[in-house]
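Trainee: okay, sequence plus prediction incoming.
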Amino acid sequence: MAYSKPANQAEIINEVNENDAFWFPVIAGVATREEMERATMKEVQILNEVASRKLELMRGDEIENE
């Protein structure tokens, strides 16, 4: 099995930051990577909103517009 050279940590952080709309729902546990890869732009936006609301609830914040 061939192993590639480990990536620079700063490069990894930059890649995650540049794709935060993709990773945020995955990190929040509301979608899998595979689901995000298949999602339409509207679905990505919805999943990001759901992830935001989940974190608000976990902090004990009230959800806006409710």
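Mentor: Okay, I see it. Note that the structure is predicted; figures quoted are calculated from it, not measured. Numbers count the residues shown, from 1 in each chain.

Trainee: and the pLDDT at the residue nearest the centre of the chain?
Mentor: Taking C-alpha atoms, centre = their mean, the centroid of the chain lies closest to Phe24, which sits 1.8 Å from it. Note on Phe24: pLDDT of 97.

Trainee: repeat for Glu64
Mentor: Note on Glu64: pLDDT of 63.

Trainee: max-length helix in the protein?
Mentor: What stands out as the longest helix in the chain, according to DSSP state H, is helix 41-59.

Trainee: contacts for that helix?
Mentor: For helix 41-59, contacts defined as C-beta atoms under 8 Å, 6 or more residues apart in numbering pick out 21-22, 24-25, 27-31, 35-36, 39, 62-63. Any C-beta I mention is one placed from the backbone N, CA and C, and that applies to glycine too.

Trainee: for that helix, buried residues please.
Mentor: Going by neighbour count (16 or more other C-beta atoms under 10 Å), the buried part of helix 41-59 is Val44, Leu47, Asn48, Ala51, Ser52, Arg53.

Trainee: now do it: distance to the chain's middle.
Mentor: Mean C-alpha position of helix 41-59 versus that of the full chain (C-alpha atoms, centre = their mean, to the nearest Å) differs by 9 Å.
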